[in-house]
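Colleague: For reference, the sequence and a predicted model appear below.
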Amino acid sequence: MLMLDTHLGPPGARPEGRPGEAAALGTAAPDLAPAQVHALVARLYGIDGIVKPLAGERDQNCAVEAADGSRYVVKISNPSEPTPLVDFQIAALEHVARTSPGLAVPRVVRTLDGHACDTVALAEGVRTTVRMLTYLEGIQIRETQRTATQRVAMGKGLAELDLALQGFTHPAAVHDLLWNVSAAHRLTVQLDSLTDRSRRTLAQSFMTRFTHHVLPRLSSLRAQVIHNDYHLYNVLVAPDDQARITGIIDFGDMLHAPLVGEVATAAAFHMAGSADPFEGPAQFVEAYQAVLPLTEPELDIVADLMATRQLITVLISEWRALRYPENRAYIMRHNPAAWEALSQMADLSRNDARDRLLNPARNGTSS
């Protein structure tokens, strides 16, 4: 999760005295040895299991397999993660479990004392939060071949999740986050860090489109808690049926924000992989709307926000890659596709982009 520092400054700058992005990303993830994690899980959860590390940018994540074959994910939070945000994520999962028990999201595993999380002391007495979730079986969609049927399943799956989250509130739900398309204007300062003049001009044009045509409308649109990170890494499907969703994971970027931003963010990840960059997004949005229709004002800006997601991807990744060169490969993994998407949309008017996204039959992409 990337917390927003509104005074980001140029790459390499270090804001003083602010617990924002630089501090959060500059804090190393916990690094307990497998034996320590094993002892921790046994003490808190009474599970004697085999511990295997999982990938994680900021937190330490491990899979735990018990003797009976049950599998779990134990998450040891980055010490910079505010406790209320962890509580928010736990509460959201428990809300979904109550309102839509059929949805394939992780379940919170309680400690032996009945708590949803606990704390652990790291080096030098620093304390952080520990929680356990059920392990969801499946393969990441990024490892599969994209199909229209799969995009339809993803669109309907996200709509069902958003319906399940309707009405959910939490004090920490309204927080600043870099990966929030409705706050893209706060990244304007990063335009100057783009060294390639043509790319800087391209990014500036989409920032202007956002600030002039989208930002003034957002306050009047529906808002709720959204997943905000529903992409090919965070959706699992069955190996033998790659259009059947078996898991939605990584709720670390959740926040309360305009609902249309949820749809646009997810749709943006379907632009790559087809000759027509609107084919995948159109199929996805059409399927989402079959379950949870967007309003006319939302429909008017959803394509703008899809471009805005690509914009914030290039701005954040370019900035962070300069600041953290040792992690450049991971940081830049979505950067080339985002630049390509912006280039593909550069010559389209707002209305043309909207029509290509919302009229799949016209594009020959109807599912």
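Modeller: Done, it's in.
Colleague: so where is the stretch 251-367 of the chain shaky, pLDDT-wise?
Modeller: Applying pLDDT under 70 to the stretch 251-367 of the chain flags residues 360-367.
Colleague: now the helices for the stretch 201-350 of the chain?
Modeller: 215-218, 259-268, 279-291, 296-323, 328-331, 335-345, 350-358 (DSSP state H, counting those that start in this stretch).
Colleague: I'd like to know which of those helices lies nearest to Gly102.
Modeller: Among the helices of the stretch 201-350 of the chain, the nearest to Gly102 by C-beta to C-beta is helix 279-291 (13.7 Å). In this view, the C-beta of every residue, glycine as well, is placed from N, C-alpha and C.
Colleague: So what touches stretch 143-161?
Modeller: The contact list for stretch 143-161, computed with C-beta atoms under 8 Å, 6 or more residues apart in numbering, reads 96, 100, 103, 105, 141, 227, 230, 235, 237, 242-245, 248, 262-263, 266, 270, 273-274, 280, 283-292, 365, 367.
Colleague: measure the spatially most central residue of the chain to Met254 for me?
Modeller: Central residue of the chain (C-alpha atoms, centre = their mean): Asp229, 1.9 Å from the mean position. Applying C-beta to C-beta, to the nearest Å, the value for Asp229 to Met254 is 8 Å.
Colleague: and the contacts of stretch 143-161, which are buried?
Modeller: 96, 103, 105, 141, 227, 230, 235, 237, 242-245, 248, 262-263, 266, 270, 280, 283-289, 292, 365, 367 (16 or more other C-beta atoms under 10 Å).
Colleague: Can you lay out the helices of the stretch 201-350 of the chain as CSV showing distance to Leu163?
Modeller: Below are the helices of the stretch 201-350 of the chain laid out as CSV (distance: least, C-beta to C-beta, whole Å):
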stretch, distance to Leu163
helix 215-218, 21
helix 259-268, 11
helix 279-291, 7
helix 296-323, 15
helix 328-331, 33
helix 335-345, 28
helix 350-358, 21
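Colleague: Let me know which of those helices is tucked in deepest.
Modeller: helix 259-268 (a mean of 27; mean count of other C-beta atoms under 10 Å).
Colleague: Which strands and helices lie in contact with it?
Modeller: helix 148-165, strand 223-226, helix 279-291, helix 296-323 (3 or more C-beta pairs under 8 Å, 6 or more residues apart in numbering; DSSP states H and E).
Colleague: CA atoms of it as PDB?
Modeller: Written as PDB, here are the backbone C-alpha positions of helix 259-268 (Å, rounded to 0.1, in the frame of the first residue of the first chain):
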ATOM      1  CA  LEU A 259     -17.300   3.800  -7.500                       C
ATOM      2  CA  VAL A 260     -16.600   4.700 -11.200                       C
ATOM      3  CA  GLY A 261     -12.900   4.800 -10.300                       C
ATOM      4  CA  GLU A 262     -13.100   1.100  -9.300                       C
ATOM      5  CA  VAL A 263     -14.400   0.200 -12.700                       C
ATOM      6  CA  ALA A 264     -12.000   2.300 -14.600                       C
ATOM      7  CA  THR A 265      -9.000   1.100 -12.700                       C
ATOM      8  CA  ALA A 266      -9.900  -2.600 -13.300                       C
ATOM      9  CA  ALA A 267     -10.700  -2.000 -17.000                       C
ATOM     10  CA  ALA A 268      -7.400  -0.300 -17.600                       C
END
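Colleague: what's in contact with that helix?
Modeller: Here helix 259-268 has contacts from 154-155, 158, 162, 180-182, 221-224, 226-231, 280-281, 284-285, 288, 294, 298, 301-310, 313, 341, 357, using C-beta under 8 Å, 6+ apart.
Colleague: do the same with stretch 82-100
Modeller: For stretch 82-100, using C-beta under 8 Å, 6+ apart, the contacting residues are 1, 77, 103, 105-108, 116-117, 129, 131, 133, 160-161, 163-165, 168, 170-173, 175, 225, 251-252, 254.
Colleague: Now do the buried residues in it.
Modeller: Buried-residue list, stretch 82-100, by 16+ other C-beta under 10 Å: 82, 85-93, 95-96.
Colleague: coming back round to it: just the buried residues from the contacts of stretch 82-100, in ChimeraX please.
Modeller: Command for ChimeraX that selects the buried part of the contacts of stretch 82-100, burial taken from 16+ other C-beta under 10 Å:
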select :1,77,103,105,106,107,108,116,117,129,131,133,160,161,164,165,168,170,172,173,175,225,251,252,254
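Colleague: what's the closest of the helices and strands packed on helix 259-268 to Ala67?
Modeller: When those are compared by C-beta to C-beta, helix 148-165 sits nearest Ala67, at 32.7 Å.
Colleague: ok and the closest one relative to helix 259-268, angle-wise?
Modeller: Helix 148-165 and helix 259-268 are oriented at 160 degrees to each other (axes from the mean of the first three to the mean of the last three C-alpha atoms, to 10 degrees).
Colleague: and helix 148-165, what's its mean pLDDT?
Modeller: Across helix 148-165, the average pLDDT comes to 98.
Colleague: just stretch 69-82 next, same as before
Modeller: 93.
Colleague: Give me the pLDDT value at Glu57.
Modeller: Glu57 is given a pLDDT of 66.
Colleague: same check, this time on the one 3 residues further on
Modeller: Gln60 is assigned 90 on the pLDDT scale.
Colleague: same deal with the one 3 residues further on?
Modeller: Note on Ala63: pLDDT of 96.
Colleague: Kindly confirm my reading that it is in a strand.
Modeller: Yes - the assignment for Ala63, made by DSSP: H, G, I helix; E, B strand; the rest coil, places it in a strand.
Colleague: Wait, it touches Lys52, no?
Modeller: Yes - counting by C-beta atoms under 8 Å, Lys52 is a contact partner of Ala63 at 4.7 Å.
Colleague: And these two? Which one has more around it.
Modeller: Ala63 (15 against 12; other C-beta atoms under 10 Å).
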